[in-house]
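>>> turn this into a model:
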Amino acid sequence: MWIVMTASGQMPASCKGNYRKVALVKLTEEGEEAYKVGWYPPRIDDRLDWIAKIEQLGSHNVGKTPRGAYQRTLAYAEKEVAMRNAMVPA
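Got it, this is the predicted structure:
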């Protein structure tokens, strides 16, 4: 099962504004069961036991409109997760 995770992005002081990281996270079977009862990974980190794979989509500026980089990346990630979760495993 894939989920979308976000976290605050660390940028240099020369970059003004708010930045957030977006990642696609694949959970292990134990992680899936825990997610269904309300557990959510505390951070984007592949060292956690219930995370199998992470695909980083980068740090993006959080703008004020739906056309901002963060909002577009988040929409893309949600569509990608829906597609991946709908696929039948081989």
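>>> could you use CA atoms for every contact and neighbour count after this?
Noted.
>>> flag the shaky bits of this structure, pLDDT-wise.
Across the chain, the ranges flagged by pLDDT under 70 are 88-90.
>>> mind listing the strands for this structure?
2-8, 19-27, 51-61 (DSSP state E).
>>> in a markdown table, list those strands along with mean neighbour count and distance to residue 33.
As requested, the strands of the chain are exported to a markdown table (neighbours: other CA atoms under 10 Å; distance: least, CA to CA, whole Å):
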| stretch | mean neighbour count | distance to residue 33 |
| --- | --- | --- |
| strand 2-8 | 17 | 13 |
| strand 19-27 | 21 | 9 |
| strand 51-61 | 17 | 12 |
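>>> need those in JSON lines (columns: distance to residue 77).
Below are the strands of the chain laid out as JSON lines (distance: least, CA to CA, whole Å):
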{"stretch": "strand 2-8", "distance to residue 77": "6"}
{"stretch": "strand 19-27", "distance to residue 77": "7"}
{"stretch": "strand 51-61", "distance to residue 77": "8"}
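>>> so for residue 83, which of those sits nearest?
Closest of the strands of the chain to residue 83 is strand 2-8, at 9.6 Å (criterion: CA to CA).
>>> many thanks, have a good one.
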